[in-house]
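[1] predicted structure and sequence below. I'll ask about it afterward.
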Amino acid sequence: MTNEELLKIIKQAAKDGVKELKLPRRGLTELPPEIGQLTQLTSLSLYGNQLTALPPEIGQLAQLTWLDIEGNQLTILPKEIGQLTKLTTLLLVNNQLTALPKEIGQLTQLTGLYLFGNQLTALPKEIGQLTQLTWLDIEGNQLTTLPSEIGQLTQTKLNLKSNKLTALPKEIGQLTQLTELNLWGNQSVLLPLEFKRLKVIQLIKQAAKHGVTTLHLSCRGLTELPPEIGQLTQLTELNLRWNQLTALPKEIGQLTQLTELNLGDNQLTALPSEIGQLTKLTKLDISYNKLTALPSEIGQLTQQLTSLELGGNKLTTLPPEIGQLTQLPKLDLSSNKLTTLPPEIGQLTQLPKLDISGNKLTTLPPEIGQLTKLTKLDISGNKLTALPPEIGQLTKLTKLDISGNKLTTLPPEIGQLTKLTKLDISGNKLTILPPEIGQLTKLTKLDISYNKLTALPSEIGQLTQLTSLELGGNKLTTLPPEIGQLTQLTELNLVGNNQLTALPP
């Protein structure tokens with residue numbers, strides 16, 4: 001199309017008050033200033049021409065809502081582009097633009113900005129003024145960074161494919177309505193923590209919208225849980241294991257339908273008091289965090305809680321309210337720093353399994369004897385120097401591990417534990433065994449290795465069900481003849497008793 005032909009079209013369009021003008025693939029190399037006469041235009045298509053620039057008069061088309069200059073050879077845009085304040089769609093795809101004028105920020109009605117296939121190396125900070133954008137397409141440019149103002153485009157879908165980005169600004173985390181982000185074809189883009197938080201917020205909102213009841217957010221590298229988590233009032237199961245959480249928001253207490261909460265393997269140093277509002281919890285796993293104490297409100301989880309995992313923390317004490325969790329079938333307190341147990345521990349009268357191994361306990365409260373339904377008790381790896389006589393009240397015990405303490409004697413009441421099948425007392429400082437040991441006639445495995453025993457009581461011969469007897473690392477000089485009554489033995493370890501020179505016939 002010649003310039004004369006184009007002028008004729010413009011003149012006629014102006015005369016007729018045309019609102020829509022389409023001039024695609026007309027071989028145009030320039031746009032004459034007269035284009036500014038078309039002040040009624042709302043839509044202008046110049047797709048597929050050979051334009052290298054736009055005249056300043058383009059800014060006079062103040063009624064434009066749609067401008068398509070795709071597939072030309074534009075290298076710059078005139079600053080007058082900013083006068084097109086009614087534009088909602090601007091198509092600049094497949095040109096040669098290396099930069100955008102700051103006046104682009106005046107196009108505050110834009111909902112779609114298409115910059116695919118240019119040579120842009122940066123975006124002006126004024127891009128953040130386009131707060132109505134729902135779609136920003138910058139695919140196939142040369143961007144190495146994004147301005148922090150990108151975080152102001154809270155309604156936008158972002159196509160950043162095939163640029164040279166290596167990182168995103170932390171403000172990307174402000175795009176709370178973001179539903180699409182394409183980073184394919186960049187280098188290894190480092191995502192800021194704020195982006196992870198953003199993705200979690202979006203996921204939470206979607207889950208709330210659809211009434212999700214189970215949510216798994218394990219292994220996400222999360223350092224915080226947003227308050228929005230409280231919106232998931234229908235949740236019954238929440239898994240946050242293997243993250244880097246240091247705290248929980250108080251809004252966690254709004255998840256009143258939760259029956260399972262897994263917080264294991266995080267960095268939690270405390271629990272909010274609102275945890276006590278989760279009264280329907282049946283399983284709570286807080287193992288392998290950095291908790292030094294539990295809130296007293298833990299005692300409010302009395303109705304349904306059947307599993308409480310507290311192992312691998314830094315607990316030094318337990319609140320008295322722990323005794324209110326009377327439905328617990330198992331309590332794991334292993335690998336903490338407990339120096340004492342509260343007397344209220346004795347209120348857990350339904351408890352069949354208790355693991356207190358790997359703490360710093362020097363004594364056990366006499367109330368331990370009230371746990372009469374215990375079948376398994378692990379107190380190994382503490383600093384106990386004695387056991388209370390009340391230990392003998394635990395008559396349902398089948399497994400007892402007291403290894404790795406500092407016991408010098410066992411109370412006679414140990415003989416009342418007649419249902420024991422496994423007893424591990426290794427790694428203590430025992431010099432004698434009480435004769436009552438012989439009453440444990442159901443024992444199949446007995447480990448007394450690495451103590452300071454010089455002799456065994458003759459009653460050892462009454463343990464006729466023994467299949468394994470570990471005596472290594474003691475100071476035995478003789479064995480009683482009654483040892484011969486242990487006819488079921490398949491394993492007898494005497495290694496390290498250097499003064500034992502003979503065995504009984």
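    Looks like it arrived, so ask away.
[2] what are the ranges of the helices in this structure?
    Taking DSSP state H, the helices of the chain run over residues 3-16, 193-209.
[3] give me whichever of the ones you listed is most buried.
    Comparing the helices of the chain by mean neighbour count (mean count of other Cβ atoms under 10 Å), helix 193-209 comes out on top with a mean of 17. Backbone N, C-alpha and C define where each C-beta goes, glycine included.
[4] ok so, going back, could the helices of the chain be laid out in CSV, adding mean pLDDT and distance to Thr444?
    Below are those laid out as CSV (pLDDT from 0 to 100; distance: least, Cβ to Cβ, whole Å):
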stretch, mean pLDDT, distance to Thr444
helix 3-16, 94, 101
helix 193-209, 75, 50
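[5] Leu268: which of those is closest?
    If you check each of these against Leu268 by Cβ to Cβ, helix 193-209 wins as the nearest, at 16.8 Å.
[6] could I get the helices of the chain as JSON lines with distance to Gln155?
    Below are those laid out as JSON lines (distance: least, Cβ to Cβ, whole Å):
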{"stretch": "helix 3-16", "distance to Gln155": "34"}
{"stretch": "helix 193-209", "distance to Gln155": "13"}
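[7] which of those sits closest to Gln106?
    helix 3-16 (25.1 Å).
[8] hmm, who's touching the closest one?
    Leu21, Leu23, Arg26, Leu28, Glu30, Pro32, Glu34, Ile35, Gln37, Leu38, Leu41 (Cβ atoms under 8 Å, 6 or more residues apart in numbering).
[9] the fourth one: neighbouring residues, count only.
    For Leu28, the number of neighbouring residues by other Cβ atoms under 10 Å comes to 19.
[10] contacting residues for the nearest residue to it once chain neighbours are set aside?
    Nearest residue to Leu28, sequence neighbours excluded (Cβ to Cβ, 6 or more residues apart in numbering): Asn49, at 4.0 Å. With contact set as Cβ under 8 Å, 6+ apart, Asn49 has these partners: Leu23, Pro24, Arg25, Arg26, Gly27, Leu28, Thr29, Gly71, Asn72.
[11] now for the residues you listed, which pair is the farthest apart?
    Farthest pair in the contacts of Asn49, by Cβ to Cβ: Pro24 and Thr29, 14.7 Å.
[12] how about the strands in the stretch 151-300 of the chain?
    157-159, 181-182, 214-216, 237-239, 260-262, 283-285 (DSSP state E, counting those that start in this stretch).
[13] just checking: what are the partner strands of the last one?
    If I follow you right, that is strand 283-285. Applying DSSP bridges to the sheet, strand 283-285 is found paired with strand 260-262 (parallel), strand 307-309 (parallel).
[14] by mean pLDDT, which helix or strand of this structure comes out lowest?
    helix 193-209 (a mean of 75; mean pLDDT, DSSP states H and E).
[15] make TSV out of the strands of the stretch 151-300 of the chain and add mean neighbour count and mean pLDDT.
    TSV is the format used below for the strands of the stretch 151-300 of the chain (neighbours: other Cβ atoms under 10 Å; pLDDT from 0 to 100):
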stretch	mean neighbour count	mean pLDDT
strand 157-159	21	90
strand 181-182	16	82
strand 214-216	14	89
strand 237-239	19	94
strand 260-262	20	97
strand 283-285	21	95
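[16] now these in JSON lines, with distance to Glu344?
    Formatted as JSON lines, the strands of the stretch 151-300 of the chain follow (distance: least, Cβ to Cβ, whole Å):
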{"stretch": "strand 157-159", "distance to Glu344": "55"}
{"stretch": "strand 181-182", "distance to Glu344": "52"}
{"stretch": "strand 214-216", "distance to Glu344": "34"}
{"stretch": "strand 237-239", "distance to Glu344": "28"}
{"stretch": "strand 260-262", "distance to Glu344": "23"}
{"stretch": "strand 283-285", "distance to Glu344": "18"}
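[17] among the ones you listed, which is nearest Thr398?
    Nearest of those (Cβ to Cβ): strand 283-285, 24.4 Å.
[18] how far does the closest one sit from the chain's center?
    Strand 283-285 sits 15 Å away from the centroid of its parent chain (Cα atoms, centre = their mean, to the nearest Å).
[19] stretch 24-34 now?
    With Cα atoms, centre = their mean as the basis, stretch 24-34 stands 57 Å off its chain's centre.
[20] contacts for it, please.
    So stretch 24-34 is in contact with 1, 3, 6-7, 10-11, 45-58, going by Cβ under 8 Å, 6+ apart.
[21] quick one: end-to-end length of that stretch, please.
    18 Å (Cα to Cα, to the nearest Å).
[22] right, and Gln488 touches Leu463 too?
    No - in this structure, Gln488 is not within contact of Leu463 by Cβ atoms under 8 Å, at 9.2 Å.
[23] so for these two, which sits in the more crowded spot?
    Leu463 (24 against 12).
[24] now a ChimeraX select for only the buried ones of the contacts of helix 3-16.
    Entered in ChimeraX, the line below selects the buried ones among these, by 16 or more other Cβ atoms under 10 Å:
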select :21,23,26,28,35,37,38,41
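[25] and which of the contacts of helix 3-16 is nearest Thr233?
    Nearest member of those to Thr233, counting by Cβ to Cβ, is Leu41, at 51.6 Å.
[26] need the contact list for that closest one.
    Ala13, Val18, Lys19, Glu20, Leu21, Leu61, Gln63, Leu64.
[27] what is the neighbour count of Thr88?
    Thr88: 18 surrounding residues under other Cβ under 10 Å.
[28] tell me the confidence at the nearest residue to Gln370 once chain neighbours are set aside?
    Residue nearest to Gln370 in three dimensions, not counting chain neighbours: Gly346, with 3.7 Å by Cβ to Cβ, 6+ apart. Confidence at Gly346, expressed as pLDDT, is 96.
[29] and for Arg220?
    pLDDT, Arg220: 76.
[30] skipping adjacent residues, who's closest to it in space?
    Asn243 (5.8 Å).
[31] correct me if wrong: Pro457 contacts Gly438.
    Yes - under the criterion of Cβ under 8 Å, Pro457 makes contact with Gly438 at 6.9 Å.
[32] just checking, Leu453 touches Thr477?
    No - using Cβ under 8 Å as the test, Leu453 is too far from Thr477 to be in contact (9.9 Å).
[33] these two - which one has more neighbours?
    Counted by other Cβ under 10 Å, Leu453 and Thr477 do not tie: Leu453 has more neighbours, with 21 against 14.
[34] okay, that one: pLDDT?
    Taking Leu453 on its own, its pLDDT is 97.
[35] dump the residue contacts of the closest residue to it other than its chain neighbours.
    Excluding the flanking residues, the one nearest Leu453 by Cβ to Cβ, 6+ apart is Asn474, at 4.3 Å. The neighbourhood of Asn474, defined by Cβ under 8 Å, 6+ apart, consists of Ile448, Ser449, Tyr450, Asn451, Lys452, Leu453, Thr454, Gly496, Asn497.
[36] apply 7 Å and report the result again.
    Residues in contact with Asn474 (Cβ atoms under 7 Å, 6 or more residues apart in numbering) are Ser449, Asn451, Lys452, Leu453, Asn497.
[37] what separates it from Gly404, distance-wise?
    Asn474 sits 16 Å away from Gly404, taking Cβ to Cβ, to the nearest Å as the criterion.
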